[in-house]
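Peer 1: The following comprises the amino acid sequence and a computationally predicted model.
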Amino acid sequence: MSFASKLITLGAFASTALAHGTVTGFVTDGTYNGGFKLDYYYMKVNGQTPPATAGWYAENLDNGFVEPNSYGAADIICHKNAVAATSTASVKAGGTVDFQWSAWPESHIGPVITYIAPCNGDCSAVDKSTLKFTKIAADGYDVATKTWAAVAMIANNNTASVTVPSSIKAGNYVFRHEIIALHGAGSENGAQNYPQCVNIEITGSGTEEPAGVLGTELYTTTEAGILFNPYTTITSYEIPGPALFGAGTETTPTPVATSTTVPTATAAPPAPTATGTPSTTLPETFTLDTFISWLKEVGGAPASKARRHARAF
């Protein structure tokens, strides 16, 4: 065995012993896709060419996590010194992605979260610092069964299944799949993030394009779900990060028109017609009755009064 081969073997052994978990592969709509394996790092160091995969290159060679104090740095996006993958897998909108993790210790309890970010082009050339992530799946703590999502993943053959929203617009995306281990999260900077990124093209006729959040703005060091004591009686657990796509997003209600009663204009009395205009000229010849009628039209005097004046006349 050559010295280089010994280094590769030693490196692979070290990565298996130290790194708690990586996504070694994933299945999209029934098709297996290789993920990035830590062996590939040692191949690169020793001058060999790793196989092309849809899983992003990363150098999580120690205990494999990103600490909360590094939430504002690039490593939280797709893990330590991550570099975009050179190939891309494919899944239909509404389809399923099964993320297959390497060995994961049951002591590392916590949520399992998945995000997507559009590349707006070829994901192999994307600048990771510009990716804006939308949370599409999140499992935390099941109060009824007292089971953490990470433990449920172990029981499911170390596999976490995610359904891609059917409404998402077709295009090239980076899927950011992550476990946050909380066994030390009772104190600040105690949580451990294990982000894993893969390139997947979403196909279909969806039209929605969520705004998303930059990877360096997904979490804060003291938010609920990051600074959390998992060893007390748990009645609820708030999954950290932005709201889940399709839930918890604010919508602006459609304004309802306020009913306003507009006063109805009162019809003005009709203007007198020419035939209804009283004459102010007394006829040259008249009788008593003609005179009384004339007085009524001109002055509106009651007939009885007019008659008394007539008699007095």
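Peer 2: Arrived safely.
Peer 1: Just give me the neighbour total for the residue nearest to Gln192 when sequence neighbours are not counted.
Peer 2: Sequence neighbours aside, Phe65 is the residue nearest to Gln192 in space, at 3.6 Å (criterion: C-beta to C-beta, 6 or more residues apart in numbering). For every residue, glycine as well, the C-beta is placed using N, CA and C. By the criterion of other C-beta atoms under 10 Å, Phe65 has 22 neighbours.
Peer 1: repeat for Gly212
Peer 2: 18.
Peer 1: how much space is there between the closest residue to Asp122 other than its chain neighbours and Ala137?
Peer 2: Distances taken as C-beta to C-beta, 6+ apart put Asn172 closest to Asp122, at 6.6 Å, once the chain neighbours are dropped. Separation of Asn172 from Ala137 (C-beta to C-beta, to the nearest Å): 19 Å.
Peer 1: do Ala149 as well
Peer 2: Where Ala137 is concerned, Ala149 sits at a distance of 10 Å (C-beta to C-beta).
Peer 1: what do you get for Pro68?
Peer 2: Counting by C-beta to C-beta, the gap from Pro68 to Ala137 is 22 Å.
Peer 1: Verify the contact between Glu59 and Tyr40 for me.
Peer 2: No: Glu59 is not in contact with Tyr40 according to C-beta atoms under 8 Å; the separation is 10.6 Å.
Peer 1: Which one's more surrounded, these two?
Peer 2: Neighbours per residue (other C-beta under 10 Å) separate Glu59 from Tyr40, with Tyr40 holding more: 20 against 14.
Peer 1: list the contacts for that one?
Peer 2: Residues near Tyr40 by C-beta atoms under 8 Å, 6 or more residues apart in numbering: 50-51, 53, 57.
Peer 1: and the residues you listed, which two are the farthest apart?
Peer 2: Pro51 and Tyr57 (11.6 Å; C-beta to C-beta).
Peer 1: which one of these two has more residues nearby?
Peer 2: Using other C-beta under 10 Å, the more surrounded residue of Pro51 and Tyr57 is Tyr57, with 19 against 11.
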